[in-house]
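# Give me a model of this one.
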Amino acid sequence: MQNIVILIIEKNFLIRKGLNCLIKEIDSQINIINTTTENQIQNLLLENRPDYILINSEFLNSSKLLSFIKNYNIICIGNESYSISNEITVIEHINSNESEEIIKEKILQIFSKHIFAKDSEKNDELSIREMEIVKFVALGCTNQEIADKLFLSPHTVITHRKNITKKLGIKTVSGLTVFAILNNIISIDSVKQ
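Predicted structure coming up:
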């Protein structure tokens, strides 16, 4: 799994914290850097070389800032539609008033090509039984429930899960859930809330 670096430029504490939590749910390995002021941005860009910048649209009025971020993948956060300079390319706009599901889906789509670039190849490596296990894990089943449904021992389920982790490099249930959704093993609507 590739190591992704994201710079969040957002003044609002709750929005910043919410984005951090959503991104960490998708993949806990993602490195997130936060800033609330324009003054720190140039140094943060030089030190961290982020793959993506999630930026409050209010910051896009600064021509000085635009010169720093113009070569990065920009995801705009905000309620209003600001006029955005032709110097930068915004790959997605996230309205902070959108529901959690919509925001999470947008973030999933944006990062999926980076987070799971090699997963389509690895998907072929999973056996049919392992794919079934991934499905039930993503649906929120315990090892015992999976064992009962597939007529296996809990120990066998645990062994399959270790093999899945080794093959995919995904260590969390939320990561397996994202993998299952992106590879059409389950639908996003079938995930337990």
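# confidence score at the residue most central in space within the chain?
Central residue check for the chain by CA atoms, centre = their mean: the C-alpha nearest the mean position is that of residue 26, 4.0 Å away. Residue 26 carries a pLDDT value of 75.
# what do you get for residue 77?
Looking at residue 77, its pLDDT stands at 86.
# Who does it form a beta bridge with?
Partner residues in beta bridges with residue 77: residue 56, residue 94, with DSSP bridges as the criterion.
# just checking, it touches residue 55?
Yes - the pair formed by residue 77 and residue 55 meets the contact definition of CB atoms under 8 Å, at 6.5 Å. To be clear about C-beta, it is placed using only N, CA and C from the backbone, and glycine gets the same treatment.
# which neighbours do the two share?
Applying CB atoms under 8 Å, 6 or more residues apart in numbering, one finds that residue 77 and residue 55 are jointly contacted by residue 10.
# Skipping its backbone neighbours, what lies nearest residue 38 in space?
Nearest residue to residue 38, sequence neighbours excluded (CB to CB, 6 or more residues apart in numbering): residue 65, at 5.5 Å.
# to the chain's geometric centre, what's the distance from the strand or helix carrying the one you found?
Under DSSP states H and E, the secondary-structure element containing residue 65 is helix 63-69. For helix 63-69, the gap between its own C-alpha mean and the chain's C-alpha mean amounts to 26 Å (CA atoms, centre = their mean, to the nearest Å).
# That helix packs against which elements?
In terms of contact count using 3 or more CB pairs under 8 Å, 6 or more residues apart in numbering; DSSP states H and E, helix 63-69 is assigned the packing partners helix 41-48.
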